[in-house]
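Chemist: One predicted model, sequence on top.
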Amino acid sequence: MIRLTYRIETAGPVEAMARKIASDQSTGTFVALPGETEELKARVAARVVAIRPLPPSDRASFPDEAGGASLFNRADVDIDFPMDAVGTDLSALMTIAIGGVFSIKGMTGIRIVDMKLPAEFAAAHPGPQFGVSGSFALTGVKDRPIIGTIVKPALGLRPHETAAMVGELIEAGVDFVKDDEKLMSPAYSPLKERVAAIMPRILDHEQKTGRKVMYAFGISHADPDEMMRNHDMVLAAGGNCAVVNINSVGFGGLAFLRKRSGLVLHAHRNGWDVLTRHAGIGFEFSVWQQFWRLLGVDQFQINGIRVKYWEPDESFVRSYRAVTAPLFSPADVALPVIGSGQWGGQAPDTIAATGGSTDLLYLCGGGIVSHPDGPGAGVKAVRQAWEAAVAGVPLTAYAEDHPELARSIEKFADGKAA
């Protein structure tokens, strides 16, 4: 059985709405059907198995559905879908168990808050190729977070300008650098020219030091064949990571890429906010991320503490716990990528929120490249902040004999590290 948990909101009885979801999304429709036999329903019909009431709301999530009501009943409802009806195809799962429920009349709100899949899904999908252990092995990082940054400005830098910045970051000891998700292959910075400018610096540094910085090139494309050609270009040049805008390329695009990939797949979740920002509508990240991990992403961006966007800290914590919880085995855990307005100042709160774990990629954009003494000093400042956080030393105390961290605190303590 596949179990979906729906947070239903309605002016009428939740029980009736739960039965309607189970019927509409499996064997039933708006009238009785001659082919809907008891044998058929026993084999493939979805069934309501639990209803857990929640406090009612005085505001409809879908205001146009309120119908003049002033109080709206709410409950979390578990509905089981037989494997015979869905199978292990993720597009079928999305269509049957999720896609249609938002169109049902009578609901003033609907949100998918949990999903439990049987072991057949693990056998049917590849999951991460590199994941946490592979990411750490390729970067050579041990016993601390992978420290990364994003090439900024996000748009406008030409290949030689990007490469010059990457060179400074490499010399400063950065572990990971990525293209911004908005950068794919624009006319002023074609992917081919960017790869040709950046990879020699990375390979030269590896030859001198034995340490290879991971660079994630933006390879996303609506045409899977073109995306695969982008992948092959990066791999042939000695690269080992790619940024994939998962909502933009879709299930099919990611599945096509993962089957043939030799790169770490760094998932950027832009567009997810459309699905989740309203608390009474859409998805919990804990549900949505399961699809992409099954399809094979290795690293998953999840925002962080005190981000520059809308997401509150408690939502970040839930996302972190979701990404780091095995679906079926520890091998299917994706590396959590903590970003959005981050600088070293959030390190103590981050390590507290993650239960002391340093198995993460800590990604700072402006928090590194906008350091008053340059990107190189920015890398050192973030590493120093994490050294202090792991040791339990207050950042201000650690900064007394670490000038890069001191300058970072002076610059970003007001929280403006966008």
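Modeler: Sure thing, it's come through. Model, not experiment: these values are computed from the prediction.
Chemist: In the stretch 251-400 of the chain, mark out all the helices, start to finish.
Modeler: 272-276, 285-295, 313-324, 347-353, 366-369, 375-391, 395-398 (DSSP state H, counting those that start in this stretch).
Chemist: mind checking which of those helices is nearest Ser135?
Modeler: helix 313-324 (12.8 Å; Cβ to Cβ). For every residue, glycine as well, the C-beta is placed using N, CA and C.
Chemist: list the buried ones in the closest one?
Modeler: Asp313, Ser315, Phe316, Val317, Ser319, Tyr320, Arg321, Ala322, Val323, Thr324 (16 or more other Cβ atoms under 10 Å).
Chemist: what residues are up against the first one?
Modeler: Applying Cβ atoms under 8 Å, 6 or more residues apart in numbering to Asp313 gives the contacts Ile305, Arg306, Asp349, Ala353.
Chemist: Tell me the buried residues in the longest helix anywhere in the chain?
Modeler: Assignment by DSSP state H gives helix 191-209 as the longest helix of the chain. For helix 191-209, the neighbour count (16+ other Cβ under 10 Å) marks Leu191, Glu193, Arg194, Val195, Ala197, Ile198, Met199, Arg201, Ile202, His205 as buried.
Chemist: helices and strands around it, which ones?
Modeler: For helix 191-209, the packing partners by 3 or more Cβ pairs under 8 Å, 6 or more residues apart in numbering; DSSP states H and E come out as helix 159-172, strand 214-218, helix 224-236.
Chemist: let's see it at 6 Å
Modeler: helix 159-172, helix 224-236 (3 or more Cβ pairs under 6 Å, 6 or more residues apart in numbering; DSSP states H and E).
Chemist: need the least confident one among the helices of the stretch 251-400 of the chain, by mean pLDDT.
Modeler: Averaged per stretch, pLDDT over these is lowest on helix 366-369, reaching a mean of 91.
Chemist: pull the CA atoms of that one into PDB?
Modeler: Output of helix 366-369 as PDB, limited to C-alpha atoms (Å, rounded to 0.1, in the frame of the first residue of the first chain):
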ATOM      1  CA  GLY A 366      27.400  37.200  -0.700                       C
ATOM      2  CA  GLY A 367      28.600  35.900   2.700                       C
ATOM      3  CA  ILE A 368      31.800  34.900   1.000                       C
ATOM      4  CA  VAL A 369      32.300  37.000  -2.200                       C
END
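Chemist: Relative to Gly365, which of the helices and strands packed on helix 191-209 is closest?
Modeler: Nearest of those (Cβ to Cβ): helix 159-172, 11.8 Å.
Chemist: Might you report the residue contacts of Thr358?
Modeler: Residues counted as contacts of Thr358 (Cβ atoms under 6 Å, 6 or more residues apart in numbering) are Arg144, Pro145.
Chemist: Phi, psi for it please.
Modeler: phi -110, psi 10 (degrees, to the nearest 10).
Chemist: Where do the strands of the stretch 51-200 of the chain begin and end?
Modeler: For the stretch 51-200 of the chain, the strands defined by DSSP state E, counting those that start in this stretch occupy 72-81, 107-116, 146-150, 176-178.
Chemist: Distance from the chain centre to the shortest one, please.
Modeler: Mean-position distance between strand 176-178 and its chain equals 16 Å (Cα atoms, centre = their mean, to the nearest Å).
Chemist: residue ranges with poor pLDDT in this structure?
Modeler: Within the chain, the ranges that satisfy pLDDT under 70 run 27-43, 415-418.
Chemist: quick one on the thing from earlier: quick one, which of the helices of the stretch 251-400 of the chain is packed in tightest?
Modeler: Among the helices of the stretch 251-400 of the chain, helix 366-369 has the highest mean neighbour count (mean count of other Cβ atoms under 10 Å), at a mean of 25.
Chemist: Excluding sequence neighbours, find me the nearest residue to Leu117.
Modeler: Distance criterion Cβ to Cβ, 6 or more residues apart in numbering; nearest residue to Leu117, sequence neighbours excluded, is Ile2 at 5.9 Å.
Chemist: Please convert the helices and strands packed on helix 191-209 to TSV, extending it with mean neighbour count.
Modeler: What follows is the helices and strands packed on helix 191-209, written out as TSV (neighbours: other Cβ atoms under 10 Å):
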stretch	mean neighbour count
helix 159-172	19
helix 224-236	17
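Chemist: Burial check on the closest residue in space to Val249 that isn't next to it in sequence, number of neighbours?
Modeler: Spatial nearest neighbour of Val249, chain neighbours left out: Ser220 (5.5 Å); criterion: Cβ to Cβ, 6+ apart. Neighbour count of Ser220, defined by other Cβ atoms under 10 Å: 24.
Chemist: wait, Ser220 sits on Ile246?
Modeler: No. Using Cβ atoms under 6 Å, Ser220 is not in contact with Ile246, being 8.6 Å away.
Chemist: Tell me which of the strands of the stretch 51-200 of the chain lies nearest to Ser135.
Modeler: That would be, of the strands of the stretch 51-200 of the chain and by Cβ to Cβ, strand 146-150, which comes in at 6.6 Å.
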